[in-house]
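>>> Could you look at this predicted model? Sequence included:
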Amino acid sequence: MGERILYYTIPVLKLLLFVVLFLFCFLPTTILFQFNFIQQIESPLLADLIVELCLCLAVIGALLMVFQLLKKYSFYDVFVIPENSVSGFLKGSLIGLFLILICAGFTMLNGNVIFSAGNIKIIEILGYLIFFVLVAVFEELLFRTFPLLVFAERYHAALAIFLSSVLFGLAHLGNDGFTWLAMLNITLAGILFSIFTMQKWNISWAIGIHFGWNFTQGTILGYQVSGGKSSGILIAKPVGQTYLSGGTFGIEGSVFCTAILMILILFLIFKYKIEPVQELLLEEELEEEMTI
(Lines give C-alpha, C1' and ligand atoms only; values in the text may rest on other atoms or scores of the structure.)
Protein backbone atom coordinates (compact mmCIF):
# COMPACT_ATOMS: atom_id res chain seq x y z
CA MET A 1 0.00 0.00 0.00
CA GLY A 2 2.80 2.37 0.96
CA GLU A 3 4.66 1.65 -2.28
CA ARG A 4 1.51 2.37 -4.29
CA ILE A 5 1.02 5.71 -2.52
CA LEU A 6 4.66 6.60 -3.20
CA TYR A 7 4.26 5.59 -6.85
CA TYR A 8 1.43 8.09 -7.35
CA THR A 9 3.04 10.78 -5.17
CA ILE A 10 6.30 10.95 -7.13
CA PRO A 11 4.81 13.12 -9.97
CA VAL A 12 3.73 15.72 -7.39
CA LEU A 13 7.22 15.73 -5.85
CA LYS A 14 8.81 16.14 -9.28
CA LEU A 15 6.42 18.99 -10.03
CA LEU A 16 7.35 20.73 -6.77
CA LEU A 17 11.04 20.35 -7.67
CA PHE A 18 10.37 21.97 -11.04
CA VAL A 19 8.49 24.88 -9.42
CA VAL A 20 11.32 25.46 -6.92
CA LEU A 21 13.90 25.46 -9.71
CA PHE A 22 11.79 27.90 -11.74
CA LEU A 23 11.48 30.29 -8.78
CA PHE A 24 15.24 30.02 -8.22
CA CYS A 25 15.93 30.89 -11.87
CA PHE A 26 13.49 33.82 -11.71
CA LEU A 27 15.16 35.18 -8.56
CA PRO A 28 17.45 37.67 -10.42
CA THR A 29 14.40 39.30 -12.02
CA THR A 30 12.73 39.51 -8.61
CA ILE A 31 15.81 41.33 -7.30
CA LEU A 32 15.57 43.82 -10.20
CA PHE A 33 11.97 44.50 -9.12
CA GLN A 34 13.23 45.39 -5.65
CA PHE A 35 15.45 48.09 -7.16
CA ASN A 36 12.54 49.45 -9.24
CA PHE A 37 14.49 48.84 -12.46
CA ILE A 38 11.45 47.59 -14.40
CA GLN A 39 9.12 50.23 -12.95
CA GLN A 40 11.38 53.04 -14.20
CA ILE A 41 10.93 52.04 -17.85
CA GLU A 42 8.61 54.60 -19.45
CA SER A 43 6.99 52.23 -21.96
CA PRO A 44 4.66 49.71 -20.24
CA LEU A 45 4.89 47.43 -23.28
CA LEU A 46 8.70 47.40 -23.18
CA ALA A 47 8.60 46.65 -19.45
CA ASP A 48 6.19 43.76 -20.09
CA LEU A 49 8.46 42.44 -22.84
CA ILE A 50 11.47 42.42 -20.50
CA VAL A 51 9.55 40.64 -17.74
CA GLU A 52 8.14 38.05 -20.15
CA LEU A 53 11.60 37.40 -21.63
CA CYS A 54 12.96 36.86 -18.11
CA LEU A 55 10.12 34.40 -17.40
CA CYS A 56 10.97 32.46 -20.58
CA LEU A 57 14.65 32.30 -19.60
CA ALA A 58 13.71 31.21 -16.08
CA VAL A 59 11.53 28.30 -17.23
CA ILE A 60 14.17 27.17 -19.75
CA GLY A 61 16.75 27.33 -16.97
CA ALA A 62 14.48 25.25 -14.72
CA LEU A 63 14.10 22.60 -17.44
CA LEU A 64 17.87 22.42 -17.96
CA MET A 65 18.40 22.01 -14.21
CA VAL A 66 15.76 19.26 -14.07
CA PHE A 67 17.57 17.42 -16.87
CA GLN A 68 20.80 17.62 -14.88
CA LEU A 69 19.21 16.37 -11.65
CA LEU A 70 17.00 13.72 -13.28
CA LYS A 71 19.15 12.29 -16.05
CA LYS A 72 16.35 10.25 -17.68
CA TYR A 73 14.65 13.38 -19.05
CA SER A 74 15.50 15.52 -22.07
CA PHE A 75 13.83 18.16 -24.22
CA TYR A 76 12.46 15.41 -26.50
CA ASP A 77 10.75 13.74 -23.53
CA VAL A 78 8.98 16.99 -22.59
CA PHE A 79 7.69 17.62 -26.15
CA VAL A 80 10.28 20.31 -27.08
CA ILE A 81 11.36 19.12 -30.52
CA PRO A 82 12.90 21.27 -33.31
CA GLU A 83 11.60 19.09 -36.17
CA ASN A 84 8.49 20.62 -37.79
CA SER A 85 8.30 23.19 -34.98
CA VAL A 86 7.99 26.18 -37.32
CA SER A 87 5.19 24.61 -39.37
CA GLY A 88 3.50 23.45 -36.15
CA PHE A 89 3.66 26.97 -34.72
CA LEU A 90 2.25 28.55 -37.89
CA LYS A 91 -0.58 26.02 -38.21
CA GLY A 92 -1.36 26.40 -34.51
CA SER A 93 -1.42 30.19 -34.87
CA LEU A 94 -4.07 29.90 -37.58
CA ILE A 95 -6.14 27.59 -35.37
CA GLY A 96 -5.95 30.08 -32.49
CA LEU A 97 -6.88 32.96 -34.80
CA PHE A 98 -9.94 31.18 -36.23
CA LEU A 99 -11.11 29.99 -32.79
CA ILE A 100 -11.20 33.54 -31.43
CA LEU A 101 -12.80 34.92 -34.59
CA ILE A 102 -15.57 32.29 -34.32
CA CYS A 103 -16.11 33.12 -30.63
CA ALA A 104 -16.17 36.85 -31.37
CA GLY A 105 -18.54 36.28 -34.29
CA PHE A 106 -21.14 34.51 -32.13
CA THR A 107 -20.73 37.15 -29.42
CA MET A 108 -21.28 39.96 -31.93
CA LEU A 109 -24.28 38.25 -33.55
CA ASN A 110 -25.85 37.92 -30.10
CA GLY A 111 -25.29 41.64 -29.46
CA ASN A 112 -22.80 41.16 -26.63
CA VAL A 113 -19.93 43.17 -28.08
CA ILE A 114 -19.50 46.41 -30.00
CA PHE A 115 -16.36 46.94 -32.08
CA SER A 116 -14.91 50.34 -32.90
CA ALA A 117 -11.69 51.51 -34.54
CA GLY A 118 -8.64 51.50 -32.29
CA ASN A 119 -5.62 53.78 -32.27
CA ILE A 120 -2.50 51.64 -32.36
CA LYS A 121 0.84 52.24 -34.08
CA ILE A 122 2.60 49.68 -36.25
CA ILE A 123 5.53 49.55 -33.81
CA GLU A 124 3.07 48.67 -31.04
CA ILE A 125 1.57 45.87 -33.15
CA LEU A 126 5.05 44.42 -33.64
CA GLY A 127 5.75 44.84 -29.93
CA TYR A 128 2.57 42.99 -28.97
CA LEU A 129 3.33 40.29 -31.54
CA ILE A 130 6.66 39.59 -29.82
CA PHE A 131 5.05 39.93 -26.39
CA PHE A 132 2.33 37.36 -27.09
CA VAL A 133 4.87 34.96 -28.61
CA LEU A 134 6.86 35.21 -25.36
CA VAL A 135 3.70 34.73 -23.27
CA ALA A 136 2.82 31.60 -25.25
CA VAL A 137 6.35 30.20 -25.02
CA PHE A 138 6.58 30.83 -21.27
CA GLU A 139 3.17 29.46 -20.30
CA GLU A 140 3.41 26.41 -22.56
CA LEU A 141 6.91 25.55 -21.36
CA LEU A 142 5.74 25.98 -17.77
CA PHE A 143 2.55 23.92 -17.96
CA ARG A 144 2.80 21.63 -21.00
CA THR A 145 6.34 20.25 -20.73
CA PHE A 146 7.72 18.64 -17.57
CA PRO A 147 4.50 18.89 -15.49
CA LEU A 148 2.38 17.27 -18.21
CA LEU A 149 4.93 14.52 -18.77
CA VAL A 150 5.44 13.56 -15.11
CA PHE A 151 1.67 13.35 -14.61
CA ALA A 152 1.28 11.25 -17.78
CA GLU A 153 4.06 8.88 -16.67
CA ARG A 154 2.09 7.62 -13.69
CA TYR A 155 -1.53 8.65 -14.33
CA HIS A 156 -3.99 8.04 -17.14
CA ALA A 157 -3.52 10.52 -20.01
CA ALA A 158 -6.94 12.10 -19.37
CA LEU A 159 -6.10 12.73 -15.70
CA ALA A 160 -2.65 14.10 -16.59
CA ILE A 161 -4.20 16.53 -19.07
CA PHE A 162 -6.89 17.55 -16.57
CA LEU A 163 -4.46 18.18 -13.69
CA SER A 164 -2.02 20.27 -15.73
CA SER A 165 -4.93 22.24 -17.21
CA VAL A 166 -6.50 22.97 -13.81
CA LEU A 167 -3.13 24.30 -12.64
CA PHE A 168 -3.08 26.48 -15.77
CA GLY A 169 -6.53 27.81 -14.91
CA LEU A 170 -5.64 28.47 -11.27
CA ALA A 171 -2.61 30.50 -12.40
CA HIS A 172 -5.09 33.12 -13.73
CA LEU A 173 -7.01 33.30 -10.47
CA GLY A 174 -5.84 36.83 -9.58
CA ASN A 175 -6.50 38.38 -13.01
CA ASP A 176 -8.93 41.29 -13.38
CA GLY A 177 -12.51 40.28 -14.06
CA PHE A 178 -11.89 36.62 -13.17
CA THR A 179 -15.04 34.48 -12.88
CA TRP A 180 -15.59 30.75 -12.44
CA LEU A 181 -16.74 30.61 -16.06
CA ALA A 182 -13.39 32.16 -17.01
CA MET A 183 -11.70 29.50 -14.86
CA LEU A 184 -13.59 26.80 -16.79
CA ASN A 185 -12.62 28.31 -20.14
CA ILE A 186 -8.93 28.72 -19.25
CA THR A 187 -8.92 25.10 -18.06
CA LEU A 188 -10.59 24.00 -21.32
CA ALA A 189 -7.97 25.97 -23.27
CA GLY A 190 -5.30 24.15 -21.27
CA ILE A 191 -6.94 20.82 -22.14
CA LEU A 192 -6.92 21.80 -25.82
CA PHE A 193 -3.23 22.78 -25.69
CA SER A 194 -2.37 19.56 -23.85
CA ILE A 195 -4.24 17.35 -26.33
CA PHE A 196 -2.38 18.92 -29.26
CA THR A 197 0.93 18.58 -27.40
CA MET A 198 0.44 14.89 -26.65
CA GLN A 199 -1.07 14.00 -30.02
CA LYS A 200 1.67 15.74 -32.00
CA TRP A 201 4.38 15.05 -29.39
CA ASN A 202 5.53 18.58 -30.16
CA ILE A 203 4.73 21.66 -28.09
CA SER A 204 5.03 23.99 -31.10
CA TRP A 205 1.36 23.47 -31.99
CA ALA A 206 0.22 24.50 -28.50
CA ILE A 207 2.53 27.53 -28.55
CA GLY A 208 1.08 28.55 -31.91
CA ILE A 209 -2.56 28.14 -30.84
CA HIS A 210 -1.83 30.03 -27.60
CA PHE A 211 -0.15 32.87 -29.51
CA GLY A 212 -2.84 33.11 -32.20
CA TRP A 213 -5.53 33.01 -29.51
CA ASN A 214 -4.01 35.88 -27.47
CA PHE A 215 -2.79 38.04 -30.36
CA THR A 216 -6.14 37.88 -32.17
CA GLN A 217 -8.28 38.74 -29.18
CA GLY A 218 -5.93 41.41 -27.83
CA THR A 219 -4.07 43.12 -30.68
CA ILE A 220 -6.53 42.53 -33.52
CA LEU A 221 -9.95 42.64 -31.83
CA GLY A 222 -9.05 44.80 -28.82
CA TYR A 223 -10.37 42.50 -26.09
CA GLN A 224 -8.72 42.32 -22.71
CA VAL A 225 -6.65 39.14 -22.67
CA SER A 226 -7.40 37.12 -19.54
CA GLY A 227 -8.11 40.39 -17.76
CA GLY A 228 -4.93 42.07 -19.04
CA LYS A 229 -5.21 45.30 -21.01
CA SER A 230 -3.62 45.75 -24.44
CA SER A 231 -4.11 48.13 -27.36
CA GLY A 232 -5.76 46.78 -30.48
CA ILE A 233 -6.52 47.53 -34.12
CA LEU A 234 -10.16 47.38 -32.98
CA ILE A 235 -11.64 48.10 -29.57
CA ALA A 236 -14.06 45.52 -28.17
CA LYS A 237 -16.70 46.88 -25.76
CA PRO A 238 -18.56 44.11 -23.85
CA VAL A 239 -22.34 44.51 -23.75
CA GLY A 240 -24.90 42.71 -21.58
CA GLN A 241 -24.47 39.88 -19.12
CA THR A 242 -20.88 38.99 -18.23
CA TYR A 243 -21.39 35.27 -18.89
CA LEU A 244 -22.31 36.17 -22.49
CA SER A 245 -19.91 39.04 -23.24
CA GLY A 246 -16.98 37.92 -21.10
CA GLY A 247 -16.92 41.22 -19.25
CA THR A 248 -13.61 42.76 -18.24
CA PHE A 249 -11.86 39.39 -18.38
CA GLY A 250 -12.27 39.29 -22.16
CA ILE A 251 -13.91 36.83 -24.49
CA GLU A 252 -12.41 33.96 -22.46
CA GLY A 253 -15.07 34.72 -19.86
CA SER A 254 -17.93 34.07 -22.31
CA VAL A 255 -20.13 30.98 -22.58
CA PHE A 256 -19.65 31.15 -26.37
CA CYS A 257 -15.97 30.46 -25.77
CA THR A 258 -16.95 27.49 -23.58
CA ALA A 259 -19.06 25.98 -26.36
CA ILE A 260 -16.43 26.39 -29.09
CA LEU A 261 -13.65 24.93 -26.95
CA MET A 262 -15.74 21.93 -25.89
CA ILE A 263 -16.77 21.16 -29.48
CA LEU A 264 -13.14 21.18 -30.68
CA ILE A 265 -11.92 19.13 -27.69
CA LEU A 266 -14.59 16.46 -28.25
CA PHE A 267 -13.77 16.36 -31.97
CA LEU A 268 -10.05 15.80 -31.24
CA ILE A 269 -10.77 13.14 -28.62
CA PHE A 270 -13.00 11.08 -30.92
CA LYS A 271 -11.01 11.59 -34.14
CA TYR A 272 -7.42 11.19 -32.90
CA LYS A 273 -5.76 8.83 -30.45
CA ILE A 274 -3.42 9.87 -27.64
CA GLU A 275 -0.76 7.25 -27.09
CA PRO A 276 -0.21 6.45 -23.39
CA VAL A 277 3.12 7.97 -22.34
CA GLN A 278 4.00 4.83 -20.36
CA GLU A 279 3.87 2.72 -23.55
CA LEU A 280 5.94 5.21 -25.55
CA LEU A 281 8.62 5.36 -22.85
CA LEU A 282 8.67 1.57 -22.64
CA GLU A 283 9.13 1.32 -26.42
CA GLU A 284 12.06 3.76 -26.21
CA GLU A 285 13.70 1.71 -23.43
CA LEU A 286 13.30 -1.50 -25.45
CA GLU A 287 14.80 0.16 -28.55
CA GLU A 288 17.78 1.38 -26.47
CA GLU A 289 18.32 -2.12 -25.04
CA MET A 290 18.19 -3.66 -28.51
CA THR A 291 20.71 -1.09 -29.77
CA ILE A 292 23.08 -1.94 -26.90
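Arrived safely.

>>> In three-state terms, how would residue 274 be classified?
Following DSSP: H, G, I helix; E, B strand; the rest coil, the label given to residue 274 is coil.

>>> from what I can see it touches residue 199, true?
Yes: the pair residue 274 / residue 199 is scored as a contact, 5.7 Å apart, by C-beta atoms under 8 Å. C-beta: built from backbone N, CA, C; applies to glycine.

>>> any idea how far the nearest residue to residue 186 once chain neighbours are set aside lies from residue 211?
In space, not counting the residues next to it along the chain, residue 186 is nearest to residue 169; the distance is 4.2 Å by C-beta to C-beta, 6 or more residues apart in numbering. Residue 169 is 19 Å from residue 211, where distance means C-beta to C-beta, to the nearest Å.

>>> now do residue 112
Distance from residue 112 to residue 211, by C-beta to C-beta: 25 Å.

>>> so where's the stretch 1-150 of the chain uncertain?
2, 37-39 (pLDDT under 70).

>>> Show the residue spans covered by the helices in it.
Along the stretch 1-150 of the chain, counting by DSSP state H, counting those that start in this stretch, helices occupy 2-34, 44-69, 85-109, 122-143, 146-154.

>>> Which of those sits closest to residue 239?
helix 85-109 (9.0 Å; C-beta to C-beta).

>>> Check which helices and strands that closest one sits against.
strand 113-117, helix 204-215, helix 255-271 (3 or more C-beta pairs under 8 Å, 6 or more residues apart in numbering; DSSP states H and E).

>>> pLDDT of the last one, averaged?
Confidence over helix 255-271, taken as the mean pLDDT, stands at 94.

>>> That helix to helix 85-109, inter-axis angle?
Here the directions of helix 255-271 and helix 85-109 differ by 140 degrees (axes from the mean of the first three to the mean of the last three C-alpha atoms, to 10 degrees).

>>> any idea what residue 236 is structurally, helix, strand or coil?
Under three-state DSSP, the three-state class of residue 236 is strand.

>>> neighbours of residue 42, just the number please.
6 (other C-beta atoms under 10 Å).

>>> correction: residue 68
Residue 68 has 10 nearby residues by other C-beta under 10 Å.

>>> Repeat that for residue 22.
22.

>>> and what of residue 63?
Neighbour tally, residue 63, other C-beta under 10 Å: 23.
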